[in-house]
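Q: Okay, structure incoming, though there's no sequence with it:
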């Protein structure tokens, strides 16, 4: 696997793409994300990796636009999880939820062509079965990360 593309952030707040030997905008960095190009951003003076900060800046710009992804209530809930004992579990849950969503999108895209070549009922049964398998995997992973892996899900506590 090759090294991620290196982008340096200079004190003048400009971003420099070392692969293309030119300054880039935040919109161009967003385009790298959208195209699935692996990169990392480092501060040119301290050499500290600041990729997360740049990604958060891109999200901030997106959120301040016309169609935000997160509601104010959702963001407030996210903030409440910082420092909470459930932070790691919440992070794992979000990651698994996003992975599940991506898998569902891929499956629907792949199978939409099949719907016209096969019996539509068989198609939806197959999609339902795949969904159940993904939910089971997600639940098992959630149980492992939250420390309740050994408990039977049907056990009820008094």
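A: Arrived safely. Quick caveat: nothing in here was measured; it's all calculated off a predicted structure.
Q: Next up, the contacts around the one residue sitting closest to the centre of the chain.
A: The residue lying closest to the centre of the chain (Cα atoms, centre = their mean) is residue 98, at 5.2 Å. Residue 98 makes contact with no residue under the criterion Cβ atoms under 8 Å, 6 or more residues apart in numbering. Placement of C-beta: from N, CA and C, glycine included.
Q: what's the answer for residue 49, then?
A: Residue 49 neighbours (Cβ under 8 Å, 6+ apart): 40, 41, 42.
Q: Could you pull up phi and psi at it?
A: For residue 49, the backbone dihedrals (degrees, to the nearest 10) come out as phi -80, psi 130.
Q: Would you agree residue 41 falls within a strand?
A: Yes: Residue 41: assigned to a strand according to DSSP: H, G, I helix; E, B strand; the rest coil.
Q: Residue 128 versus that one, what's the distance?
A: Remark: distance between residue 41 and residue 128 (Cβ to Cβ, to the nearest Å) = 42 Å.
Q: and if you look at residue 16?
A: 49 Å.
Q: Likewise for residue 66?
A: Taken as Cβ to Cβ, the span from residue 66 to residue 128 is 35 Å.
Q: who's more crowded, these two?
A: The residue with more neighbours, out of residue 66 and residue 128, is residue 128; 10 against 5, by other Cβ atoms under 10 Å.
Q: ok, now which ones touch the more buried one?
A: Listed by Cβ under 8 Å, 6+ apart, residue 128 has no contact partners.
Q: Got the confidence number for it?
A: pLDDT for residue 128: 82.
Q: just residue 100 next, same as before
A: 85.
Q: Surely it and residue 133 touch.
A: No: counting by Cβ atoms under 8 Å, residue 100 does not reach residue 133; the two are 10.8 Å apart.
Q: Same drill for these two, tell me which one is more crowded.
A: Using other Cβ under 10 Å, the more surrounded residue of residue 100 and residue 133 is residue 100, with 15 against 10.
Q: how about that one, what does it touch?
A: Under the criterion of Cβ under 8 Å, 6+ apart, the neighbours of residue 100 are 134, 135, 138.
Q: give me the element it is part of.
A: According to DSSP states H and E, residue 100 maps onto helix 87-112.
Q: tell me which residues of that helix are tucked away?
A: By neighbour count with 16 or more other Cβ atoms under 10 Å, helix 87-112 contains the buried residues 89, 90, 92, 93, 96.
Q: Could you report the neighbour count for residue 14?
A: Other residues close to residue 14 by other Cβ under 10 Å number 12.
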